[in-house]
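*Asks:* I would like to see how this sequence folds:
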Amino acid sequence: MPVDAQLGLEGHEQARLVHGFDGMLPAAAALALDTSDDAAMALVEATPADAVGADGRTPLHHAAAFARSAALARRLLAFEPAWAKRADAGGKSAFELLPSTASEEQATVLFEPCGPRP
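*Replies:* Numbers count the residues shown, from 1 in each chain. This is a model prediction of the structure:
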């Protein structure tokens, strides 16, 4: 069964779902859709480490912005440590994108490698 049918999407809803990810790398879309950590990492590992979306964000930025698990952040940092110091197109680090609802563990995992918020 197609994913759109599984999600109960029809016509314009399908188009809205697809175009909601314009400019995003597949790994970023997977992080936004709350796929499993293993599935997200499979997509991350299949993408060149220097690839970023139109917004300049790395998978670590997206994981932070979507408050993904601290365990996933650790895996992303192990895969590409340089992502910790990379700023997105708006000049923000992954740590700066953490929502206020993020856990203390998520913040701790990103704080040391990314640095504090300015």
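*Asks:* the closest residue to residue 95 other than its chain neighbours: neighbouring residues, count only.
*Replies:* Of all residues not flanking residue 95 in the chain, residue 114 sits nearest, at 3.7 Å (Cβ to Cβ, 6 or more residues apart in numbering). All C-beta spots, glycine's among them, are computed from the backbone N, C-alpha and C. Neighbour count of residue 114, defined by other Cβ atoms under 10 Å: 26.
*Asks:* so what's residue 114 up against?
*Replies:* 84, 85, 93, 94, 95, 96 (Cβ atoms under 8 Å, 6 or more residues apart in numbering).
*Asks:* if we use 6 Å, what do you get?
*Replies:* 84, 93, 94, 95 (Cβ atoms under 6 Å, 6 or more residues apart in numbering).
*Asks:* most widely separated two among these?
*Replies:* Farthest apart among the contacts of residue 114 by Cβ to Cβ are 84 and 95. That separation is 8.3 Å.
*Asks:* residue 113 contacts residue 84, correct?
*Replies:* Yes. The pair residue 113 / residue 84 is scored as a contact, 3.5 Å apart, by Cβ atoms under 6 Å.
*Asks:* about what we covered before: who has more neighbours, residue 84 and residue 95?
*Replies:* Counted by other Cβ under 10 Å, residue 84 and residue 95 do not tie: residue 95 has more neighbours, with 23 against 19.
*Asks:* isn't the more buried one right next to residue 110, touching?
*Replies:* Yes. The pair residue 95 / residue 110 is scored as a contact, 4.2 Å apart, by Cβ under 6 Å.
*Asks:* just give me the neighbour total for the closest residue in space to residue 55 that isn't next to it in sequence.
*Replies:* Distance criterion Cβ to Cβ, 6+ apart; nearest residue to residue 55, sequence neighbours excluded, is residue 89 at 5.3 Å. Residue 89 has 11 neighbours, counted by other Cβ under 10 Å.
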